[in-house]
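> Need a 3D model of the following:
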Amino acid sequence: EDVAVIAYFARFFEQYIESFEERKPMSAAKTYELLFLDHRTIVSFFKNRIECTCLNEEYEKVKGMPKMGICSNVNCKLPKRRVERSKGKLH
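Numbers count the residues shown, from 1 in each chain. Below you'll find the predicted structure:
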């Protein structure tokens, strides 16, 4: 859970800086989703941001797992509102 909070703040500040440098709006949904990450997404998130090989072995274990996201429907009946991503979009 602590690592999800760290990922949340890391993504928040990345988007905050982007919003000023590139005049892009922040994606609240994408940032919020980081609080409810699955193990695969946590590993991928930090592997893309850490310039060492410390997560390579763990990434090899999780890269075959499906990419998961959070359903934006607050009445969603799926466990923990988790859905599999398809080509960057939820389905």
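> so how far is the longest strand along the chain off the chain centroid?
Taking DSSP state E as the criterion, the chain has its longest strand at strand 82-86. Centroid displacement of strand 82-86 relative to its chain, using C-alpha atoms, centre = their mean, to the nearest Å, is 12 Å.
> What of stretch 31-41?
Using C-alpha atoms, centre = their mean, the offset of stretch 31-41 from its chain centre is 4 Å.
> Quick one: mean pLDDT over it.
Mean pLDDT, stretch 31-41: 77.
> Take it, keep the C-alpha atoms, and write them as PDB.
The C-alpha coordinates for stretch 31-41 follow below in PDB (Å, rounded to 0.1, in the frame of the first residue of the first chain):
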ATOM      1  CA  THR A  31      -3.200   9.400 -11.200                       C
ATOM      2  CA  TYR A  32      -6.000   8.200  -8.900                       C
ATOM      3  CA  GLU A  33      -5.800   4.700 -10.400                       C
ATOM      4  CA  LEU A  34      -2.300   4.400  -9.100                       C
ATOM      5  CA  LEU A  35      -3.600   4.100  -5.500                       C
ATOM      6  CA  PHE A  36      -5.300   0.800  -6.500                       C
ATOM      7  CA  LEU A  37      -2.500  -0.800  -8.500                       C
ATOM      8  CA  ASP A  38      -1.900  -4.500  -9.000                       C
ATOM      9  CA  HIS A  39       1.600  -5.900  -8.700                       C
ATOM     10  CA  ARG A  40       2.300  -5.900 -12.400                       C
ATOM     11  CA  THR A  41       1.500  -2.200 -12.800                       C
END
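> change the start of the numbering to 19 and stick with it
Sounds good: first residue 19 from here, last item stretch 49-59.
> List the buried residues for the longest strand of the chain?
Neighbour counts using 16 or more other C-beta atoms under 10 Å place 100-101 of strand 100-104 among the buried residues. C-betas here are computed from N, CA, C, even on glycine.
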